[in-house]
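**Q** okay, here's the prediction I keep looking at, along with the sequence it came from:
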Amino acid sequence: MSERSEQSTGPSMDAATEAFVVHRNLLFTLAYEMLGSAADAEDVLQETWLRWAGVDLGPVLDQRAYLVRIATRQALKRLRTLGRRKESYVGPWLPEPLLTAPDVADDVELADSVSMAMLLVMETLGPTERAVFVLREVFDLDYEEIAQAVGRSPSAVRQIAHRARSHVATRRPRNTGSPAEHRAAIEAFQRAVETGELQSLLDILAPDVVALSDGGGIRHALPRPVVGVGNVARLLAAGWWRRDAERSAELVQINGGPGLLVRVDGEIDGVVAVRVENGYVTGAYHVRNPEKLSYVRRETAMSR
C-alpha cells in the first residue's frame, strides 16, 4: 500500500488528524532518537503528516504501525543529510538537549534511550542499524514491522538487530548508578558553576572521564574532547565557565535525567549533562550552541 494514496475527504481527514495527534509524542521520540536533533525531528513530523494526510485510511489496519513506518523512512532520509552536515561541523557535535517532564525519568528504559550518553553511542551506528535498534529495543516492534519500515527482509533485520545490539552493548554506560548518584554528580557541577568550589566535583570524576562541549562555531567551546581526570581538573580550575559574569545553574531534567540549565547574566548560556558509572562521572557534556538550546526553554513530551 502506497504512503501517498488518494487524497482523503473531510471526515477521513478528521480521523487522520486524531490518529496523528494521538501518536505525535511517540513519533517525535522515534525521530529524535534516530537523529539526536529536536529541530530535525520536528521536520520529520511535518513530512510524516503531509504523507499521512494523503493516505486512504480505509485499508489501514494498524494506524500506529503505519505512522511509524512513514516517520522511520523520513528520519532515515534526514539522517543521511545530517551525516553530511556533521562532516563540516565546527568542534565536537553533541545531541540537541531537551528539557523533559518528570514522567520521562519515571520510564527507566525511555530515559536511558534518550540520555545524552546513549545518543552519543547511537551516533556510532549506521543509519539503518540505528533505525532497527530504536524500533526493536525501544519501541519493541516485531521484525516484520521493522522490515517494512526500513525496506529490508525480516531475516536481514534480525541480523542487523543482532549486530547493532552487540555494538551498543560494548559502548553503552554500565552500572549507571542510582538517581541519587546522578543528582549528587550534577549538584557538584552546580556548585562548581555557581561558586567555583571544585573539590566535591573532583572527588567523583572517573580516571578516564571525558569532557565534551559543543559551541557549533558560534560560542566558545572546547575544540576537542578533554580526556582524563587530570586534564579535566585543570580545565575546571582554569574556568570552564566565564568568571567575569553572573552565573546561575538551575537543576532540571535534561533528556530524562538530572542536568543543569546554565544562565550567564540572566540569559540561557548552555546545558550540562553527565554520564555516571559506578558512582563516578565518566562523561560531562556541555552544550552552548545557541541553535541547540530552543528545546530547553519548555518541556518536551515524549513517549514510546
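**A** Sure, I can see it.

**Q** which residue packs closest to Ala117, ignoring adjacent ones?
**A** Computed as C-beta to C-beta, 6 or more residues apart in numbering, the closest residue to Ala117 that is not its neighbour in sequence is Arg275, at 3.9 Å. All C-beta atoms are positioned from the backbone trio N, CA, C, and that covers glycine.

**Q** partner residues bridging that neighbour?
**A** Taking DSSP bridges, one finds Gly283 as the beta-bridge partners of Arg275.

**Q** thinking it is in contact with Gly283, fair?
**A** Yes: using C-beta atoms under 8 Å, Arg275 makes contact with Gly283 at a distance of 3.3 Å.

**Q** more neighbours: which of those two?
**A** Arg275 (26 against 20; other C-beta atoms under 10 Å).

**Q** residue contacts, the more buried one?
**A** Arg275 sits next to 115-117, 173, 176, 281-285 when contact means C-beta atoms under 8 Å, 6 or more residues apart in numbering.

**Q** ok, so of those, who is nearest Ser200?
**A** Set against Ser200, the nearest of the contacts of Arg275 by C-beta to C-beta is Val281 (11.4 Å).

**Q** what about the helix or strand containing Val281, distance to the chain center?
**A** Using DSSP states H and E, Val281 maps to strand 280-287. On the basis of C-alpha atoms, centre = their mean, to the nearest Å, strand 280-287 sits 15 Å off its chain's mean C-alpha point.

**Q** the chain: strands as residue ranges?
**A** Applying DSSP state E to the chain gives strands spanning 99-100, 205-214, 226-227, 247-254, 257-264, 267-277, 280-287, 299-300.

**Q** so for Val193, which of those sits nearest?
**A** Nearest of the strands of the chain (C-beta to C-beta): strand 247-254, 4.1 Å.

**Q** show me what the closest one is packed against.
**A** strand 99-100, helix 102-106, helix 179-195, strand 257-264, strand 267-277 (3 or more C-beta pairs under 8 Å, 6 or more residues apart in numbering; DSSP states H and E).

**Q** can you give me the mean pLDDT across stretch 196-204?
**A** For stretch 196-204, mean pLDDT is 87.

**Q** point out where the stretch 151-300 of the chain drops to low pLDDT.
**A** Scanning the stretch 151-300 of the chain for pLDDT under 70 picks out 239-244.

**Q** buried residues in stretch 46-57, which are they?
**A** Buried residues in stretch 46-57, counting neighbours by 16 or more other C-beta atoms under 10 Å, are found at 47-49, 51-52, 54-55, 57.

**Q** could you dump those into TSV with pLDDT added?
**A** Formatted as TSV, the buried residues of stretch 46-57 follow (pLDDT from 0 to 100):
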residue	pLDDT
Glu47	97
Thr48	98
Trp49	97
Arg51	96
Trp52	96
Gly54	92
Val55	93
Leu57	91
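
**Q** how near is Glu187 to Thr176?
**A** 17 Å (C-beta to C-beta, to the nearest Å).

**Q** what about those two, which has more around it?
**A** In terms of neighbours (other C-beta under 10 Å), Thr176 is the more surrounded of Glu187 and Thr176; the figures are 21 against 16.

**Q** how about the contacts made by that one?
**A** 112, 182, 275-277.

**Q** quick one, which of these are buried?
**A** Neighbour-count burial (16+ other C-beta under 10 Å) applied to the contacts of Thr176 gives 112, 182, 275-277.

**Q** mind putting the residues you listed in CSV, distance to Pro95 included?
**A** Converted to CSV, the buried ones among the contacts of Thr176 look like this (distance: C-beta to C-beta, whole Å):
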residue, distance to Pro95
Asp112, 14
His182, 17
Arg275, 12
Val276, 17
Glu277, 19
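
**Q** so which of these comes closest to Val226?
**A** In terms of C-beta to C-beta, no member of these lies closer to Val226 than Arg275, at 14.3 Å.

**Q** separation between the closest one and Arg191?
**A** Arg275 is 19 Å from Arg191, by C-beta to C-beta.

**Q** count the neighbours of His167 for me.
**A** Counted with other C-beta under 10 Å, residues neighbouring His167 total 17.

**Q** same check, this time on Thr128
**A** Residues near Thr128, counting by other C-beta under 10 Å: 17.

**Q** and if you look at Val168?
**A** Other residues lying near Val168 total 18 when counted by other C-beta under 10 Å.

**Q** show me what contacts the nearest residue to Tyr89 once chain neighbours are set aside?
**A** What sits nearest to Tyr89 in space, not counting adjacent residues and going by C-beta to C-beta, 6+ apart, is Gly216, at 7.0 Å. Gly216 makes contact with 89-91, 288-292, according to C-beta under 8 Å, 6+ apart.
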